[in-house]
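Chemist: Provided below are the primary sequence and the corresponding predicted coordinates.
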Amino acid sequence: MARKTDLMWWPSPAKLNLFLHITGRYPNGYHQLQSLFQLLDAGDQLAFEITPAPTIKLVTPMAGISEQDNLIYRAARLLQQHTGVAQGVAIHIDKQLPMGGGIGGGSSNAATTLVALNHLWQCNLDEQSLAELGLQLGADVPVFVRGHTAFAEGVGEQITPVDVAGDWYLVVNPGIHVSTPAVFGEPDLPRDTAPIAWQEYAFEKTRNDCQQIVGKRHPEVAKLLQWLVHYAPSRMTGTGACVFATFSNEDAARNVQAKLPAHWTGFVARGVAQSPLKQQLHDVYAAPDRH
Ligand SMILES: C[C@@](CO)(OP(=O)(O)O)[C@H](O)COP(=O)(O)OP(=O)(O)OC[C@H]1O[C@@H](n2ccc(N)nc2=O)[C@H](O)[C@@H]1O
Ligand SMILES: Nc1ncnc2c1ncn2[C@@H]1O[C@H](COP(=O)(O)OP(=O)(O)O)[C@@H](O)[C@H]1O
């Protein structure tokens, strides 16, 4: 097995939902959403060692998730079954993002696995096919496969790439877990926000429709938001529990990070138009013998 330093690491960036509106509900109970998925330049990293035998193995265990349930394993298996590829893979994981925090780590890991293995196994699926496969794994996977900050509608599968300014964000984890199904199951959740055209987007004219309910059920989230908003415009991402504050430059974000009380952990990241995964793919194609 290769040493960690000899491996080629593929980025798996986080996202923020700069806003999240619930505009309706489908007959199957799923919620119709509008959201701006802002990709970040920070996240996890994955490395892939291709094997001649068809076994898929996660070299790095992930606490609390069995191998078969891990979205990385499931993405690799799905691509293998869909394409009939004969090879296998051993996957190394450098996990940095908190799990289930509304910053999309699991969905992003799935997307990075699909994109990297499509190249390394030489499956030659186009981006559209990879995004469709990704949707089977989760509503947020297609945005990460496309690799562009985007306005998303439906359950997240209708995607319009947008170029928003490269703001800086302080992302803070209040250290609690919020269940996505529980939030969507709340009777008092607002479900009738009027749809907007993405050209109308402005942070101050939008909101996260899940934020109030989550703040009520989890006072730690409300407390964190109250603290952050004192320094900068702030909002919850996804169905929580992470919260972000928006800054025009890195120093301002780091100044507030330095003031964070010890029971909250946060990281500073820049909003990017294009995913670092896309850049990696571009670099790999430019130097085809680097695996
Ligand atoms: C709302 C978002 C925004 O990014 O929240 P976060 O997960 O990031 O916090 C996501 O799209 C979430 O997508 P994902 O995390 O894949 O949700 P899933 O596991 O598929 O859904 C868990 C459950 O939430 C409900 N659900 C999910 C998405 C949706 N548009 N409507 C729903 O009603 C369904 O009951 C579903 O069974
Ligand atoms: N590789 C993975 N990384 C993170 N979470 C994973 C992974 N595989 C499966 N999961 C499961 O998916 C859930 C959602 O993960 P994640 O995408 O990080 O959060 P969110 O959907 O809240 O943004 C986690 O709570 C975890 O149980």
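Modeler: Now that the structure is in, tell me what you want to look at. Ligands and ions are numbered 1, 2, ... in the order given.
Chemist: List the residues that contact the residue of the stretch 101-250 of the chain found nearest ligand 2.
Modeler: Closest residue of the stretch 101-250 of the chain to ligand 2, C-beta to the nearest ligand atom: Gly106 (3.0 Å). C-beta coordinates here come from the backbone N, C-alpha and C atoms, glycine included. Contacts for Gly106 (C-beta atoms under 8 Å, 6 or more residues apart in numbering) come out as Leu71, Met99, Gly100, Gly138.
Chemist: give me that answer again for 7 Å
Modeler: Contact criterion C-beta atoms under 7 Å, 6 or more residues apart in numbering gives Leu71, Met99 as the residues in contact with Gly106.
Chemist: From ligand 1, how far out is it?
Modeler: Gly106 sits 8 Å away from ligand 1, going by C-beta to the nearest ligand atom, to the nearest Å.
Chemist: so where do the strands sit in the chain?
Modeler: Assigned by DSSP state E, the chain shows strands spanning 9-25, 31-51, 56-58, 88-94, 150-154, 158-161, 168-173, 234-236, 243-247, 265-272.
Chemist: possible to save those strands as JSON lines with distance to ligand 1, mean pLDDT and mean neighbour count?
Modeler: Formatted as JSON lines, the entries for the strands of the chain read as follows, by distance: least, C-beta to the nearest ligand atom, whole Å; pLDDT from 0 to 100; neighbours: other C-beta atoms under 10 Å:
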{"stretch": "strand 9-25", "distance to ligand 1": "5", "mean pLDDT": "98", "mean neighbour count": "22"}
{"stretch": "strand 31-51", "distance to ligand 1": "4", "mean pLDDT": "98", "mean neighbour count": "22"}
{"stretch": "strand 56-58", "distance to ligand 1": "20", "mean pLDDT": "98", "mean neighbour count": "19"}
{"stretch": "strand 88-94", "distance to ligand 1": "19", "mean pLDDT": "98", "mean neighbour count": "19"}
{"stretch": "strand 150-154", "distance to ligand 1": "8", "mean pLDDT": "96", "mean neighbour count": "21"}
{"stretch": "strand 158-161", "distance to ligand 1": "12", "mean pLDDT": "95", "mean neighbour count": "14"}
{"stretch": "strand 168-173", "distance to ligand 1": "13", "mean pLDDT": "98", "mean neighbour count": "23"}
{"stretch": "strand 234-236", "distance to ligand 1": "9", "mean pLDDT": "98", "mean neighbour count": "23"}
{"stretch": "strand 243-247", "distance to ligand 1": "12", "mean pLDDT": "98", "mean neighbour count": "25"}
{"stretch": "strand 265-272", "distance to ligand 1": "16", "mean pLDDT": "97", "mean neighbour count": "19"}
